[in-house]
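1. Requesting a structural model of the entry that follows:
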Amino acid sequence: MITRFAFEIVLGLLIVISLFFIVLIFKKTLSIKKRAKSNYANYKIKLSSAEKRKKVLYNKELLSKDLSQSLFSKSFSILDWLISIHKSK
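-> Numbers count the residues shown, from 1 in each chain. Purely as a prediction, here's the structure:
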């Protein structure tokens with residue numbers, strides 16, 4: 001009788017302890033998934049901001065190239081104009 005009662009107590013404790021560990025593992029898994037989601041979201045935010053910076057830098061390069069080309073062409077047109085004035089004299 002006592003051995004059966006002790007056996008039931010030990011079996012009950014084993015069930016409770018195993019359920020405790022199952023819940024603990026489940027919580028850890030959820031926290032890892034949550035952390036992974038937030039890390040991925042932060043990665044996407046950093047990636048999108050890096051892409052925006054890259055686009056801005058690319059646009060600045062294009063603008064500076066266009067500006068230098070337009071200044072170069074204007075300087076040649078002014079030079080041509082001065083040469084034509086000099087030839088007409």
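2. Can you give me the neighbour number for Ile78?
-> 10 (other C-beta atoms under 10 Å). For every residue, glycine as well, the C-beta is placed using N, CA and C.
3. for Glu51, same thing?
-> The burial count for Glu51: 10, using other C-beta under 10 Å.
4. Over to Ile15?
-> Ile15, neighbours per other C-beta under 10 Å, totals 10.
5. Next: the one 3 residues further on.
-> Around Ser18 sit 10 other residues, with neighbours defined as other C-beta under 10 Å.
6. cool, His86 as well?
-> His86: 8 neighbours (other C-beta under 10 Å).
7. Now do it against Asp80, distance only.
-> With distances taken as C-beta to C-beta, to the nearest Å, His86 is found 11 Å from Asp80.
8. Over to Lys34?
-> 69 Å.
9. now Gln69
-> 16 Å.
10. Likewise for Val16?
-> 95 Å.
11. Arg35 now?
-> Using C-beta to C-beta, we find Arg35 at a distance of 67 Å from Asp80.
12. now Val23
-> Applying C-beta to C-beta, the value for Val23 to Asp80 is 85 Å.
13. now do Ser31
-> 73 Å.
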